[in-house]
Structure formats: C-alpha cells, structure tokens
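A.B. asks: sequence and predicted structure are below.
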Amino acid sequence: MPTVDNPTEKTLAELGIRDPLEVAAEFAKVRDRFDFQIALPADEMRKLMLQEAWLGSELDPATSLRNFWVGRKRGVLALISDNWLKPAPTVLKPVVGSELNKLKVHIEAKLEEKRLSLEKTAGEQASAKDRIDLSLPGVIRPIGSHHLVRTVMQEIEDIFFSIGFSVVEGPEIETPYYNFEALNIPEHHPVRDDMDTFYLDLPKGAPGPLLLRTHTSPVQIRTMEKRQPPVRVIVPGKVYRRDNPDATHSFVFHQIEGLAVDTDITFCDFTGTIEYFVKQFFGESVKTRFRPSYFPFTEPSVEFDVSCIFCGGSGTGASGATCGKCKGSGWIELFGAGMVDPAVYGFVNYDAKKVSGFAFGMGMDRLAMLKYGIDDIQVFFQNDVRFLRQFP
Ligand code: FA5
C-alpha cells in the first residue's frame with residue numbers, strides 16, 4: 001500500500017478540482033513525478049520504491065516502476081481512470097480523457113525507452129565480461145620437471161644403453177615364486193627374514209599369496225623365461241620392504257637390476273662392466289673394489305664399493321677430521337652383484353653348462369644421494385617443492 005499521499009487515489013472533487021485548467025495542472029504534476037522517478041539511477045529508484053512501498057517492490061526497480069505506473073489494477077494510470085475519469089462531471093470528462101491519453105502515451109514511450117537502454121547496458125556488460133583483454137598478464141602455469149630419482153634413473157639407463165643393454169619392466173605385485181623360489185630362495189631360507197614383506201589381503205578363494213616385490217630380481221626370471229640368450233637387460237622400478245624409515249632406509253625405494261647372460265660371459269666381463277658404469281656415473285677418478293658377499297641367486301656373490309667421492313678415498317675430510325661419509329675407510333658400499341647361480345638357470349630351462357652371466361641390483365635412491373650429496377633418503381618421498389626445485 002502506498003504510504004505517501006497519492007492524489008490519484010482521490011476523485012477530482014475530493015481534490016477540489018473544478019475547471020479544465022486545474023485538471024491540466026494536476027496532470028502536469030503527475031507527469032513531473034513520473035519523469036523524476038524514471039530518471040533516477042537504479043539504487044535511488046530502489047530506495048524510493050521501498051520508501052513508498054510500491055506495488056511489486058520485491059522486483060527489480062525497472063519492473064517495479066512499470067507496475068507502479070501501468071499496473072492493470074493498482075497502477076497510477078488505472079487509478080486515474082477509476083478515480084478521476086469515471087466519476088468526473090460531464091464538463092471535465094473530455095479534458096480528463098484527453099490528458100489521460102497524453103500521459104499514457106508519454107509514460108509508455110518512456111518506459112519502452114528505459115527498457116531498451118537497460119537491455120543495451122546489460123548486453124554490453126555481458127560482452128565486456130566475455131572479452132579477452134590481451135594486455136593483461138597471462139596465467140603462469142609452472143612447468144614440472146623430473147624428480148631427481150627419475151633423472152638418476154635416466155642417467156643410469158643411458159650408460160647401460162651405450163653398452164648394448166635394453167630396459168625391461170616387471171610387476172610390482174609378485175608371487176612368492178618369482179620373488180623368492182625361482183631365485184633359489186626356498187620357503188625357509190633365512191634370507192627371507194630380511195625381505196619378508198607386505199603381503200596382500202586377498203578375497204577368500206583368490207589364487208595367492210601375492211606380495212609387493214622386495215627387489216627387482218624377479219624380473220631376471222620373467223625375462224629369461226621369455227628370451228633365449230644372449231640377454232642384456234636392465235630393470236628399473238619400485239620395490240618394497242618392511243624396513244623402518246631412517247636416513248638411508250625407506251619402505252618403498254627404487255632399484256635397478258642388471259642381467260647379462262650369454263655363452264661366454266666371464267667374471268672379467270662382469271667387473272669390467274661395473275667399473276665402466278661406476279666411472280661413467282661418478283667420474284673417471286673413482287676407483288671400485290669388490291668384496292665377497294652372499295646372495296642365493298648369484299655364485300660367487302660380491303658387494304661393490306666405490307672410493308669415497310666426498311674425501312677422494314683418503315678417509316679424511318677437508319678439515320682434517322675423519323670423513324663422516326665413509327667413516328674414515330675411504331670406501332662406500334654401492335650394491336650387490338654376482339655371477340648368476342647355475343641353480344637359477346634350472347628354473348628357466350637354460351642349460352647351465354652352456355650359458356653364464358652376471359647380475360646386479362643397485363639402490364637407485366642411494367646412488368642419487370651419493371652423487372648429489374643428499375643426507376636423507378626421506379626427502380625423495382616427501383615431495384617438498386623447496387627440495388625438488390633444487391634439481392630442475
Ligand atoms: C638385493 O636386493 C638384490 N636383489 C641385489 C642383487 C641383484 C644381488 C642381482 C645380486 C644380483 P640388497 O638387499 O642388498 O640386494 O639391496 C640392493 C640395494 O638396495 C642396496 O645396496 C641398497 O642400495 C638398496 N636398499 C636396500 N634396502 C633399502 C631400503 N630400505 N631403502 C633404500 N635402499 C635400500
């Protein structure tokens with residue numbers, strides 16, 4: 001309900017209007033009021049609309065203005081028709097009718113003009129939103145880079161590619177047969193204690209057991225099952241162990257396996273290959289040595305060491321103190337390896353009398369730590385960009 005005094009709710013008699021001139025003056029006031037309202041900016045119009053409790057005040061200001069003036073039942077024009085024209089004395093009827101028509105034409109024209117201008121503004125705003133401003137700075141999408149372990153993997157692969165090895169891969173979920181038995185590690189072998197690992201919970205009745213592989217060595221078996229000698233492969237990949245995390249141990253880490261089998265491979269080929277790799281990877285000045293070791297799937301088995309790359313093999317750091325990396329020994333343990341145990345050939349139907357070969361299994365994370373001077377293996381798995389950014 002309008003709260004301000006609205007002359008169109010009264011009759012002309014009630015307003016004390018008796019002659020045509022007064023009628024024209026009253027219409028002029030109404031028209032001025034309309035012209036004032038339609039010229040208001042939207043927020044001012046909204047204020048007025050609430051203040052005067054216009055019909056349809058819940059709508060947008062332009063629609064509300066239209067309802068207020070030309071609404072069929074309670075619009076100002078309808079009120080003039082009901083309150084001024086219909087009860088007007090005969091003498092005033094022609095002038096009221098003619099003034100009402102003029103007002104109607106004026107209001108309709110102005111409302112239409114307003115509608116078109118609002119539509120135009122809305123269209124312009126929408127297209128301005130869609131327009132691309134080529135002068136604005138672009139969105140910077142950082143380009144990722146290889147993880148350091150991936151980079152080291154590539155370096156190692158490239159060295160072995162250069163001497164005729166190729167890459168093969170195998171599953172990370174393995175059967176005990178490939179992970180242990182075919183590598184000459186029967187069920188109750190003590191070596192399993194170090195490697196007995198994460199077994200999968202399988203649904204009842206599913207063929208099993210299955211485990212996360214503890215090393216990349218099962219791929220030796222899978223490769224020899226499929227190929228006849230000569231075989232020269234490397235196998236990079238993730239492996240899993242039930243090791244407690246510390247600066248050099250992680251329960252998931254990366255290994256790179258190597259296997260070469262042919263009819264005439266000797267221990268010299270083996271040590272020569274390893275020495276070539278180590279010098280390519282760490283630099284010509286490093287020395288290698290090997291010590292006897294034990295793996296059920298190699299015979300003889302060795303552990304390769306490299307002369308300490310931090311103290312140059314002297315065992316003494318720059319300050320004269322004992323080198324903390326090699327603990328004064330001048331040597332750092334690198335990885336296990338050996339000549340393939342003839343018992344393994346039995347599992348893949350190779351004739352152990354005709355073939356010979358060597359195998360090795362390196363911890364890639366530890367090689368990366370040595371080469372790039374990283375103290376803690378855990379940083380490889382924490383994905384802290386402050387670390388990763390140092391190796392673009
Ligand atoms: C093996 O896994 C053998 N399969 C290697 C092998 C292959 C020997 C072929 C002979 C012939 P070992 O358990 O020593 O060996 O592990 C190999 C390398 O993995 C280690 O030298 C070490 O660098 C790395 N390594 C072992 N455990 C962890 C661990 N928890 N976290 C990070 N690196 C590890």
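C.D. replies: Great, that's in hand.
A.B. asks: just the mean pLDDT for stretch 343-361, thanks.
C.D. replies: For stretch 343-361, the per-residue pLDDT values average out at 96.
A.B. asks: list the contacts of the spatially closest residue to Lys325 that is not a sequence neighbour.
C.D. replies: Excluding its sequence neighbours, the residue lying closest to Lys325 (CB to CB, 6 or more residues apart in numbering) is Phe310, at 4.2 Å. All C-beta spots, glycine's among them, are computed from the backbone N, C-alpha and C. Contacts for Phe310 (CB atoms under 8 Å, 6 or more residues apart in numbering) come out as Gly317, Cys323, Lys325, Cys326, Gly373.
A.B. asks: neighbour-wise, which of those residues leads?
C.D. replies: For the contacts of Phe310, the largest number of neighbours (other CB atoms under 10 Å) sits with Cys326, at 23 neighbours.
A.B. asks: confirm that one sits in a helix?
C.D. replies: No: assessed by DSSP: H, G, I helix; E, B strand; the rest coil, Cys326 does not belong to a helix; its assignment is coil.
A.B. asks: pretty sure it is touching Ile332, no?
C.D. replies: Yes: counting by CB atoms under 8 Å, Cys326 touches Ile332, with 5.3 Å between them.
A.B. asks: mind listing the shared neighbours of those two?
C.D. replies: With contacts defined as CB under 8 Å, 6+ apart, the residues adjacent to both Cys326 and Ile332 are Cys308.
A.B. asks: quick revisit: mind checking how far the residue nearest to Lys325 is from Ile332?
C.D. replies: Distance check for Phe310 against Ile332: by CB to CB, to the nearest Å, it reads 8 Å.
A.B. asks: which residue ranges form the strands in the protein?
C.D. replies: 166-167, 173-174, 211-212, 231-240, 252-262, 288-295, 298-307, 331-340, 356-363 (DSSP state E).
A.B. asks: dump the ones you listed to TSV, plus distance to Asp158 and mean neighbour count.
C.D. replies: Below are the strands of the chain laid out as TSV (distance: least, CB to CB, whole Å; neighbours: other CB atoms under 10 Å):
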stretch	distance to Asp158	mean neighbour count
strand 166-167	11	12
strand 173-174	28	18
strand 211-212	28	20
strand 231-240	11	21
strand 252-262	12	22
strand 288-295	19	15
strand 298-307	19	20
strand 331-340	18	21
strand 356-363	15	23
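A.B. asks: of all the ones you listed, which lies closest to the ligand?
C.D. replies: Distances from the ligand to each of these were compared by CB to the nearest ligand atom, and the smallest falls on strand 356-363, at 2.2 Å.
A.B. asks: quick one: strands adjacent to that closest one?
C.D. replies: Taking DSSP bridges as the criterion, strand 356-363 forms sheet pairs with strand 252-262 (antiparallel), strand 331-340 (antiparallel).
A.B. asks: out of these, which is closest to Ala206?
C.D. replies: Ala206 lies closest, by CB to CB, to one member of those: strand 252-262, at 23.8 Å.
A.B. asks: list the residues that contact Glu187.
C.D. replies: Glu187 sits in contact with Pro176, Phe180, Glu181, where contact means CB under 8 Å, 6+ apart.
A.B. asks: ends of stretch 326-343, how far apart?
C.D. replies: 36 Å (CA to CA, to the nearest Å).
A.B. asks: now find how far off-centre that stretch is within its chain.
C.D. replies: The gap between where stretch 326-343 is centred and where its chain is centred comes out at 40 Å by CA atoms, centre = their mean, to the nearest Å.
A.B. asks: can you check stretch 324-335 too?
C.D. replies: Between the mean C-alpha location of stretch 324-335 and the chain-wide mean there is a distance of 40 Å, by CA atoms, centre = their mean.
A.B. asks: can you measure across it, start residue to end residue?
C.D. replies: One end of stretch 324-335 to the other measures 20 Å (CA to CA).
A.B. asks: that one and the ligand, are they touching?
C.D. replies: Yes: under the criterion of CB under 6 Å from any ligand atom, the ligand is reached by stretch 324-335 at Phe335.
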